[in-house]
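Student: Take this sequence and fold it.
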Amino acid sequence: MIDRETVLKVAQLARLNLTEEEIELFSKQLADIIEFVNQMNEVDTEGVEPFVLDYGQTPLREDKPESSLPREEIEKNAPQFENGYFVVPRIFETE
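Tutor: Below is the predicted model of the structure:
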C-alpha cells in the first residue's frame with residue numbers, strides 16, 4: 001500500500017479534502033495502479049518497433065475575426081461576474 005503521507009500529498013496537489021475512509025481506499029487503489037504499471041515493465045519488447053501514428057499535417061481553418069457573444073450572454077455562464085471579469089476561487093496563497 002501507498003503510505004498515508006503520499007496519499008495526503010497527492011490530495012493536496014489535487015486540492016481534495018479526503019475522509020479517513022477515502023485515504024485508506026486511495027492508498028490501496030494507488031498501490032494497485034502502480035503494481036499494474038510495473039507489470040507492463042516486465043513485457044519483452046525486444047525487436048518491437050515503436051507505434052507512431054502519422055496524421056500528416058493538421059488542417060487549420062482560416063483565422064478570421066467574428067463578432068463575439070453579447071456580454072449579457074457571457075455573464076449568464078458565470079456563477080460570479082464582476083467588473084467585466086469572471087470571479088473564481090483563489091488557488092495560490094499570497095504573502
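
Student: Would you pull up how far stretch 47-63 lies from the middle of the chain?
Tutor: Stretch 47-63 sits 24 Å away from the centroid of its parent chain (Cα atoms, centre = their mean, to the nearest Å).

Student: Three-state assignment for the residue in the chain sticking out farthest from the centre, please.
Tutor: Taking Cα atoms, centre = their mean, the residue of the chain most remote from its mean C-alpha position is Gly47, at 33.9 Å. Per DSSP: H, G, I helix; E, B strand; the rest coil, the local secondary structure of Gly47 is coil.

Student: Strands of this protein, start to end?
Tutor: 81-82, 85-86 (DSSP state E).

Student: Including mean neighbour count and mean pLDDT, could those go into JSON lines?
Tutor: Backbone N, C-alpha and C define where each C-beta goes, glycine included. Below are the strands of the chain laid out as JSON lines (neighbours: other Cβ atoms under 10 Å; pLDDT from 0 to 100):
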{"stretch": "strand 81-82", "mean neighbour count": "12", "mean pLDDT": "87"}
{"stretch": "strand 85-86", "mean neighbour count": "10", "mean pLDDT": "88"}
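
Student: Relative to Gln57, which of these is closest?
Tutor: Taking Cβ to Cβ, strand 85-86 is the member of the strands of the chain nearest to Gln57, at 34.9 Å.
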